[in-house]
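>>> Model the structure of this input:
(chains A and B)
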Amino acid sequence: NAGVTQTPKFRVLKTGQSMTLLCAQDMNHEYMYWYRQDPGMGLRLIHYSVGEGTTAKGEVPDGYNVSRLKKQNFLLGLESAAPSQTSVYFCATGTDYGYTFGSGTRLTVV
Amino acid sequence: EDQVTQSPEALRLQEGESSSLNCSYTVSGLRGLFWYRQDPGKGPEFLFTLYSAGEEKEKERLKATLTKKESFLHITAPKPEDSATYLCAVQVIRSGNTPLVFGKGTRLSVIA
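Residues are numbered from 1 along each chain as shown, chains lettered A, B, ... in the order given. Next up is the predicted model:
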């Protein structure tokens, strides 16, 4: 989607491996979010940030870490991947008037 | 706990057959209710924001309405290209930023 870019789009990890998902936005928004989407579970908030240098936990933060060193970038890290982290990950940025989502990262942990 | 429940989980319509999707919510205080459309393999796409009971918004064949406990997304004379998953989300009134809480979505299929 215009304004929010996620990389990579697909990834397969082995249990115990680590990786970082990158979200970049060019909309100059303060707020950024990481959600995961699983069948039958809807979108669940992992972590979010209300500005450069700030992060906060969402509904399902365990097993993930985040960093917001620059306003335009929000990184999601998995230190030791587990099969339960197989999911589609969406980054979003926005205001109180609505969010813009990226196109997602499909992650499989085997 | 803030909750958002969408029904039905899935809906199959014939082209031209109008219907409504429901989003009921339980929150301490509503700042806004959001509707999104999601196509397979893509991120959610913003449709509407509603802020107060009685408010209505329209876009092509879609009309969203809001009461104090639920929202409806009315689809008039749907076409196959309206097939998608429709997501409802709420933002709760609290100090500072409060992220959206999403329902599980309604998967709509429109058959020609």
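>>> which residues sit in contact with residue B:49?
Each residue near residue B:49 by CB atoms under 8 Å, 6 or more residues apart in numbering or on different chains is listed here: A:97, A:98, B:32, B:33, B:34, B:35, B:57. Every C-beta, even on glycine, is put in place using the N, C-alpha and C of the backbone.
>>> Mind putting these into JSON lines with secondary structure?
Converted to JSON lines, the contacts of residue B:49 look like this (DSSP: H, G, I helix; E, B strand; the rest coil):
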{"residue": "A:97", "secondary structure": "coil"}
{"residue": "A:98", "secondary structure": "strand"}
{"residue": "B:32", "secondary structure": "strand"}
{"residue": "B:33", "secondary structure": "strand"}
{"residue": "B:34", "secondary structure": "strand"}
{"residue": "B:35", "secondary structure": "strand"}
{"residue": "B:57", "secondary structure": "strand"}
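>>> Remind me what the helix or strand of chain A with the lowest mean pLDDT packs against, helices and strands.
Within chain A, no helix or strand scores below strand A:98-101, which has a mean of 93 by mean pLDDT, DSSP states H and E. On a contact count with 3 or more CB pairs under 8 Å, 6 or more residues apart in numbering or on different chains; DSSP states H and E, strand A:98-101 meets strand A:87-95, strand B:45-50.
>>> winner for burial among these?
Greatest average neighbour count among the helices and strands packed on strand A:98-101 goes to strand A:87-95 (a mean of 22), per mean count of other CB atoms under 10 Å in any protein chain shown.
>>> Can you name the residues in contact with that one?
So strand A:87-95 is contacted by A:3-4, A:6, A:21, A:23, A:25, A:27, A:29, A:31-38, A:43, A:46, A:74, A:76, A:99-102, A:104-107, B:43-44 (CB under 8 Å, 6+ apart).
>>> what's the answer for stretch A:20-31, then?
With CB under 8 Å, 6+ apart as the test, stretch A:20-31 has contacts from A:3-8, A:32, A:34, A:48-51, A:71-78, A:89, A:91, A:93-95, A:100, A:102, A:105, A:107, B:97.
>>> Would you state the strands of the chain in chain order?
Chain wasn't specified; assuming chain A. A:4-7, A:10-13, A:19-25, A:31-38, A:42-49, A:56-57, A:65-67, A:73-78, A:87-95, A:98-101, A:105-109 (DSSP state E).
>>> That was the other one, I meant chain B.
Remark: strands assigned in chain B by DSSP E are B:3-7, B:10-14, B:19-26, B:30-38, B:45-50, B:56-59, B:62-66, B:70-75, B:84-92, B:101-102, B:106-111.
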